[in-house]
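> curious how this folds, go ahead:
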Amino acid sequence: FMQLTRQAELKRGIGRGELVLHYQPRVRGDTGEITSMEALVRWNHPERGLIPPVEFIPMAEKAGLIVALGEEVIRMACLQQARWKEEGLDVVPVSVNVAAQQIDAGTVSAILDSALAGNGLDASLIEVEITESATIAEDGQAVEELKAIQRTGIKLYVDDFGTGYSCLAQLKRLDMDGLKVDRAFTSQMLHSPADAALFEAIVSMAHAL
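Sure thing, here's the model as predicted:
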């Protein structure tokens with residue numbers, strides 16, 4: 001009963017604008033320059049306060065709400081980019097996380113295109129991160145949806161690379177724009193020569209792809 005109540009609250013929350021985005025900057029290690037940001041969604045529950053994604057994203061996926069939630073995140077990120085531009089700020093690309101269910105639904109490219117056009121944004125200002133599980137789909141529609149996103153000029157990144165299921169042949173076929181190495185590797189790379197070598201190998205492979 002409690003789970004069903006939470007699901008109903010989340011569905012209402014998406015429609016009522018209870019989602020908020022926090023922006024995590026990515027910086028160059030040598031200069032500290034902010035090169036892009038990642039939009040991270042939080043749920044501002046009217047009674048429980050700010051709820052982290054680990055508590056509601058799995059529920060959204062299970063309840064079939066992740067597509068609606070993902071569409072709202074895209075809309076909010078594009079709107080915020082437009083506001084920053086209006087304020088005369090030096091904007092950088094913002095990436096949004098897209099779940100495999102959203103790719104399977106085949107609507108992401110159209111939602112992105114509409115949100116960009118509606119806010120007068122260039123496609124270079126929005127990027128998409130997908131989990132490795134979304135890259136293994138052999139379904140033609142899913143692959144076409146990924147290609148459709150890229151055709152709009154938006155870059156595609158594989159999130160948390162190295163701990164999922166994607167194979168190198170699939171990554172090569174999909175022609176992704178970048179890999180985000182999972183923290184399981186980055187947090188360990190100074191612990192031993194083997195850990196450093198593994199991280200360097202992943203980076204070399206990413207450049208080769």
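
> going by C-alpha atoms from here, please, whenever you check contacts or count neighbours.
OK.

> could you point out the longest helix in the protein?
helix 66-86 (DSSP state H).

> so how far is that one off the chain centroid?
12 Å (C-alpha atoms, centre = their mean, to the nearest Å).

> now do that helix: which elements does it pack against?
helix 2-15, strand 19-27, helix 53-63, strand 94-98, helix 100-105, helix 108-118 (3 or more C-alpha pairs under 8 Å, 6 or more residues apart in numbering; DSSP states H and E).

> alpha carbons of the first one, as CSV, please.
Presented in CSV, the C-alpha positions along helix 2-15 are these (Å, rounded to 0.1, in the frame of the first residue of the first chain):
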residue,chain,number,x,y,z
MET,A,2,2.8,2.4,0.9
GLN,A,3,4.5,1.7,-2.4
LEU,A,4,1.4,2.4,-4.4
THR,A,5,0.9,5.6,-2.4
ARG,A,6,4.4,6.8,-3.2
GLN,A,7,3.9,6.0,-6.9
ALA,A,8,0.7,8.0,-6.9
GLU,A,9,2.5,10.9,-5.2
LEU,A,10,5.3,10.8,-7.7
LYS,A,11,2.9,10.8,-10.6
ARG,A,12,1.2,13.9,-9.1
GLY,A,13,4.5,15.5,-8.3
ILE,A,14,5.7,15.3,-11.9
GLY,A,15,2.5,17.0,-13.0
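
> show me what it is in contact with.
Leu19, Trp43, His45, Phe56, Met59, Ala60, Ala63, Leu65, Ala68, Leu69, Glu72 (C-alpha atoms under 8 Å, 6 or more residues apart in numbering).

> run through this structure and note the low-pLDDT ranges.
The chain contains residues with pLDDT under 70 at 1, 132-139, 164-167.

> change it to 90
The chain contains residues with pLDDT under 90 at 1-7, 29, 99-101, 103-106, 130-147, 158-192, 195, 198-199, 201-203, 205-209.

> and the biggest strand by length in it, which residues are buried?
When the chain is parsed with DSSP state E, its longest strand is strand 34-45. Buried positions in strand 34-45, judged by neighbour count with 16 or more other C-alpha atoms under 10 Å: Ser36, Met37, Glu38, Ala39, Leu40, Val41, Arg42, Trp43, Asn44.

> which one among these gets closest to Pro93?
Proximity to Pro93 was ranked across the buried residues of strand 34-45 by C-alpha to C-alpha; first place goes to Ser36, at 4.9 Å.

> list the residues that contact that closest one.
Taking C-alpha under 8 Å, 6+ apart, one finds Pro25, Arg26, Val27, Val92, Pro93, Val94, Ser95 in contact with Ser36.

> mind listing the residues bridging to the residue nearest in space to the middle of the chain?
The centre of the chain sits closest to Asn97, judged by C-alpha atoms, centre = their mean, with a distance of 1.6 Å. Asn97 has the following beta-bridge partners by DSSP bridges: Glu129.

> which helices and strands does the helix or strand where Leu156 lies pack with?
Counting by DSSP states H and E, the element that carries Leu156 is strand 155-161. Helices and strands touching strand 155-161, by 3+ C-alpha pairs under 8 Å, 6+ apart, are strand 126-131, helix 140-151, strand 178-181.
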